[in-house]
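Participant: Sequence first, then the predicted structure:
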Number of protein chains: 2
Amino acid sequence: MSEQPTPFHLYLCNLKTEFMKAEIITIGDELLIGQVIDTNSAWMATQLNKIGIDVRQITSIPDSRVHILHALTEAGNRARVVLISGGLGPTRDDITKQTLCEFFDTVLAPDQDALADITALFAKRGYPMTELNLRQADMPEACNSIPNPVGTARGMWFEKENTIYVSMPGVPFEMKQMMTDHVLPALRLRNKGTSVVHRTILTTGVGESFLAARIETWENSLPAYIKLAYLPQPGMVRLRLTARGCHEEKLTSEVASLVDKLYTLIPEYIFGEEPDTLEEVTGRLLLRHGQTLATAESCTGGAIASRITTVPGSSSWYKGSVVAYANQVKEQVLGVEKETLEKHGAVSEPVVIQMAQNARQLLHTDWALSVSGIAGPDGGTPEKPVGTVWIAVSGPKATQAAKFQFGDNRERNIVRATVAALNMLRVSLLDE
Amino acid sequence: MSEQPTPFHLYLCNLKTEFMKAEIITIGDELLIGQVIDTNSAWMATQLNKIGIDVRQITSIPDSRVHILHALTEAGNRARVVLISGGLGPTRDDITKQTLCEFFDTVLAPDQDALADITALFAKRGYPMTELNLRQADMPEACNSIPNPVGTARGMWFEKENTIYVSMPGVPFEMKQMMTDHVLPALRLRNKGTSVVHRTILTTGVGESFLAARIETWENSLPAYIKLAYLPQPGMVRLRLTARGCHEEKLTSEVASLVDKLYTLIPEYIFGEEPDTLEEVTGRLLLRHGQTLATAESCTGGAIASRITTVPGSSSWYKGSVVAYANQVKEQVLGVEKETLEKHGAVSEPVVIQMAQNARQLLHTDWALSVSGIAGPDGGTPEKPVGTVWIAVSGPKATQAAKFQFGDNRERNIVRATVAALNMLRVSLLDE
């Protein structure tokens, strides 16, 4: 399927160790009318990628026999592994299991293990069992059924003409547990000898085109088997390097020296590497200093606090937030002076400075971050249009404030303000 | 493509007004290695659906000439509209435009409108323009180029053998603006005469199987041209009814009477209908009472505040939150008694009651919600395992608390606690 000549590096491989190709099929009418975003595919692709299996296509189709049969046939012609998610619920909109029987020329029969599992699960939860649940214990005879410790629908592992097909539930946490416990270990055994090495460098404070111009020479020096991708997100651009070949050690060291070089080219924009996040990097800096953080949020409305507290263990450096959405709360809880609010408005340098300084005192922390801005869609004025955001960082030595001008979109403005605030804190901690 | 006999309802249609079929292709290596979740497809599918265009497949493929050509051919064979998103960035991992030229047998040439737009955009932003940006003004001669007021990559509208192909950038807000301003209006003109009617009923506090058993008879009464789907999410199950045919008015009234019936069957679980959200429904109840809300969050860490403040205009009923992640903040900011914390622990009925009552006083609101729990992965004990969450609602007349036992997953526990808290408030407001 590759349209480029095989790079030299790959000729070093044993001929048997070609990259195993996979496809993902997600099933559900809800995906095709856009009511559910397909997050399963991205997760499955990440996991396959980590074990050197190459996802070449993701296909979402409706709960329809014809579409399922067509997609299975097509994917089976192209790939050696086909992962299917969705369409196994107890309710009648799900017809995947019957269609799989047709495709694999087999029939449904009661599976005693499945029945025992379902019965035990309902007993544990104390829910009554319905006839629909009982029907979930019927499995195609031609498959190996895969346990589902957290739900009622088992998975199915089929093999046909040298291709593996695995059907799993669409409920994300059920699918994930099944993949982790059973599917990935089994696939890993079938795919020895190939390697994919990724590193993703995280940057903030610079746009994609400007970044590309800055690192053009470096990018031109990449060998054919190492690819670079620019992955923009609100407030940041991620740079992903992917190396593929048979010698993991060699690939890893090659990528490492490329990344080292990149750090010397754009040190001011790099804040870390995946799987790190900005909140984790910032948290580690605080931990290293033995210091703590509070936040005082207006326009971000708790988004900074919420992002920080997704990090397990953040309680060792994060104390809490005052979400001062109303000016009255800025005054009465945070102690911002009424006069300052009236004279300068809530979105102003003096107000964010008081918010940060007072939050630091009120919550007894070493550092405090504050944000006040106009997220939109309403509230903009000619002097302070939608997207105007003031951010302050107050630390043991000083308090600094900066003004940002983001765009028109409320959701993006909240994300960009959150990223900018955490990055201001990170830079201040580095300067300490 | 339909595997069922055409339902009677459709015979009433003019034969010319078949449902227009569409497919969506998203392009980008980042999608195939799972680093980016494809949210564009869901949004595009929703929009097409609203104008009666039926998405039958969504396909994600890598930035590869062979894959793009193959996907365009396949989709073109099956659908009359093919929307393509991604692969138009300025950087070198994007080869879509060249491949489109090959597929449509045309060449790139400088587009003066595109060049003027890009120059103006960079001038407005005050960024320097790179050669990469200039190259974005080259467009295939065979297409109608589509303006991009918020970015540098124009869209392209092609027609070939009775199928429309539209290529758009992958950056979500650029794609959305292009769809809204240009693509959807043009497609609407081509697709007169067909109708799809959706209604999605939102339930909480009940599992999918139990719900299905409760409404089985009603579900069995649905005519063939009205479909029901169960869409579970953490803490809620959405029930989507989809009716398809040529007589919009008749479909709308049929669906309305089915929904009315559903309300009488499970009134205790229904909290609203899409596009409403739980936070909007709760906010409207507060507005109707002329009352205000504060929150005091421990384990949800600002997630409730953040969810509420995504609602534009929430400042008229929501004052703010104290995110008391540390016990010290529960004591010093929220005034929870040290003795109570020591005797009962932070995750307890007396603590959430004090948190709610004191937040209500501190922020001068009519209502306050408080949450304290063990989100995980650490912090569980035999008496209070991970997933134990106490929630309290304090209102003008009384304060109530309830204990919930969620699961093992930190992220899901935070979402489920958020939903449960907002629903407790909603029910209390209805009881007022």
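Facilitator: Sure thing, it's come through.

Participant: and A:Gln98, what is it in contact with?
Facilitator: Taking Cβ atoms under 8 Å, 6 or more residues apart in numbering or on different chains, we find A:Gln98 in contact with A:Arg65, A:Leu108. No exception for glycine: its C-beta is placed from N, CA and C like everyone else's.

Participant: where does it land in three-state SS?
Facilitator: helix (DSSP: H, G, I helix; E, B strand; the rest coil).

Participant: gap between it and chain B?
Facilitator: According to Cβ to the nearest Cβ, to the nearest Å, A:Gln98 stands 12 Å off from chain B.

Participant: mind giving me the domain split of chain A?
Facilitator: Chain A resolves into domains spanning A:19-190, A:195-273, A:285-431 when parsed by automatic domain parsing.

Participant: Mean neighbour count, the ones you listed: which tops it?
Facilitator: Burial of the domains of chain A is given as mean neighbour count (mean count of other Cβ atoms under 10 Å in any protein chain shown); domain A:285-431 ranks first at a mean of 21.

Participant: Centre of the chain to it, how far?
Facilitator: Relative to its parent chain, domain A:285-431 has a centroid offset of 25 Å by Cα atoms, centre = their mean, to the nearest Å.

Participant: Could you report the pLDDT at A:Asp94?
Facilitator: Looking at A:Asp94, its pLDDT reads 71.

Participant: Could you measure from it over to chain B?
Facilitator: For A:Asp94, the distance to chain B - Cβ to the nearest Cβ - is 9 Å.

Participant: What of A:Val196?
Facilitator: 8 Å.

Participant: so what does the strand or helix carrying that residue touch, helix or strand wise?
Facilitator: Here A:Val196 is covered by strand A:195-204, with elements defined by DSSP states H and E. When contacts are defined as 3 or more Cβ pairs under 8 Å, 6 or more residues apart in numbering or on different chains; DSSP states H and E, strand A:195-204 packs onto helix A:40-50, strand A:236-245, helix A:248-265, strand A:270-273, helix A:410-431.

Participant: Pull the distance from that strand to the chain's centre.
Facilitator: 14 Å.

Participant: can you tell me how far A:Leu32 sits from chain B?
Facilitator: For A:Leu32, the distance to chain B - Cβ to the nearest Cβ - is 5 Å.

Participant: swap in A:Gln332?
Facilitator: Counting by Cβ to the nearest Cβ, the gap from A:Gln332 to chain B is 7 Å.

Participant: Could you find the closest non-adjacent residue to that residue?
Facilitator: B:His364 (7.0 Å; Cβ to Cβ, 6 or more residues apart in numbering or on different chains).

Participant: check contacts around that neighbour.
Facilitator: A:Gln328, A:Gln332, B:Thr292, B:Lys319.

Participant: ranges for the strands of the stretch 251-400 of chain A?
Facilitator: Here the stretch 251-400 of chain A has its strands, by DSSP state E, counting those that start in this stretch, at A:270-273, A:293-297, A:318-324, A:367-373, A:388-394, A:399-405.

Participant: Nearest to A:Ile226, out of these?
Facilitator: strand A:270-273 (15.9 Å; Cβ to Cβ).

Participant: ok, residues contacting that closest one?
Facilitator: A:199-204, A:259, A:262-263, A:278, A:280-281, A:423, A:426.

Participant: Neighbouring strands - and their directions - for that strand?
Facilitator: strand A:195-204 (antiparallel) (DSSP bridges).

Participant: Is the next helix-or-strand element following the strand it pairs with positioned near chain B?
Facilitator: On the C-terminal side of strand A:195-204, the nearest following helix or strand under DSSP H and E is helix A:208-214. Yes - contact of helix A:208-214 with chain B (Cβ under 8 Å from any Cβ of the partner chain) involves A:Glu208, A:Ser209, A:Phe210, A:Ala212, A:Ala213.

Participant: start to end distance for stretch A:165-179?
Facilitator: 13 Å (Cα to Cα, to the nearest Å).

Participant: what mean pLDDT does it have?
Facilitator: Per-residue scores along stretch A:165-179 average to 95.

Participant: how far off helix A:248-265 does the strand holding A:Val196 point, in degrees?
Facilitator: If you take axes from the mean of the first three to the mean of the last three Cα atoms, to 10 degrees, strand A:195-204 sits at 20 degrees to helix A:248-265.

Participant: Now tabulate the contacts of B:His364 in CSV and tack on pLDDT and distance to B:Leu121.
Facilitator: Shown next, in CSV, are those (pLDDT from 0 to 100; distance: Cβ to Cβ, whole Å):
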residue, pLDDT, distance to B:Leu121
A:Gln328, 95, 41
A:Gln332, 96, 44
B:Thr292, 98, 42
B:Lys319, 98, 39
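
Participant: closest to A:Met178 among these?
Facilitator: Using Cβ to Cβ, B:Lys319 comes nearest to A:Met178 of the contacts of B:His364, at 44.2 Å.

Participant: how far away is the closest one from chain A?
Facilitator: 4 Å.

Participant: Return the distance of that residue relative to A:Ser321.
Facilitator: Relative to A:Ser321, B:Lys319 is positioned 14 Å away (Cβ to Cβ, to the nearest Å).

Participant: again, but for A:Leu241
Facilitator: Applying Cβ to Cβ to A:Leu241 and A:Ser321 gives a distance of 36 Å.

Participant: Then A:Met424?
Facilitator: From A:Met424 to A:Ser321 the distance is 16 Å (Cβ to Cβ).

Participant: Return the residues in contact with A:Ser209.
Facilitator: So A:Ser209 contacts B:Pro90, B:Thr91, B:Tyr127, B:Thr130, B:Leu132, B:Asn133, B:Thr152 (Cβ under 8 Å, 6+ apart).

Participant: What is the nearest of these to A:Ala305?
Facilitator: B:Tyr127 (32.4 Å).

Participant: Which pLDDT value goes with A:Gln357?
Facilitator: 98.

Participant: do A:Arg244 as well
Facilitator: So, for A:Arg244, pLDDT stands at 81.

Participant: what's the answer for A:Ala294, then?
Facilitator: 98.

Participant: which residues does it bridge with?
Facilitator: Counting by DSSP bridges, the residues bridging with A:Ala294 are A:Gly320, A:Ala368.

Participant: shouldn't it be in contact with A:Gly320?
Facilitator: Yes - at 6.1 Å, A:Ala294 counts as touching A:Gly320 under the criterion of Cβ atoms under 8 Å.

Participant: so what sits against both of those two?
Facilitator: A:Leu363.

Participant: one step back: rebuild the contacts of strand A:270-273 as JSON lines, extending it with pLDDT.
Facilitator: JSON lines is the format used below for the contacts of strand A:270-273 (pLDDT from 0 to 100):
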{"residue": "A:Arg199", "pLDDT": "94"}
{"residue": "A:Thr200", "pLDDT": "94"}
{"residue": "A:Ile201", "pLDDT": "97"}
{"residue": "A:Leu202", "pLDDT": "97"}
{"residue": "A:Thr203", "pLDDT": "97"}
{"residue": "A:Thr204", "pLDDT": "95"}
{"residue": "A:Val259", "pLDDT": "97"}
{"residue": "A:Leu262", "pLDDT": "97"}
{"residue": "A:Tyr263", "pLDDT": "96"}
{"residue": "A:Leu278", "pLDDT": "97"}
{"residue": "A:Glu280", "pLDDT": "97"}
{"residue": "A:Val281", "pLDDT": "97"}
{"residue": "A:Asn423", "pLDDT": "96"}
{"residue": "A:Arg426", "pLDDT": "96"}
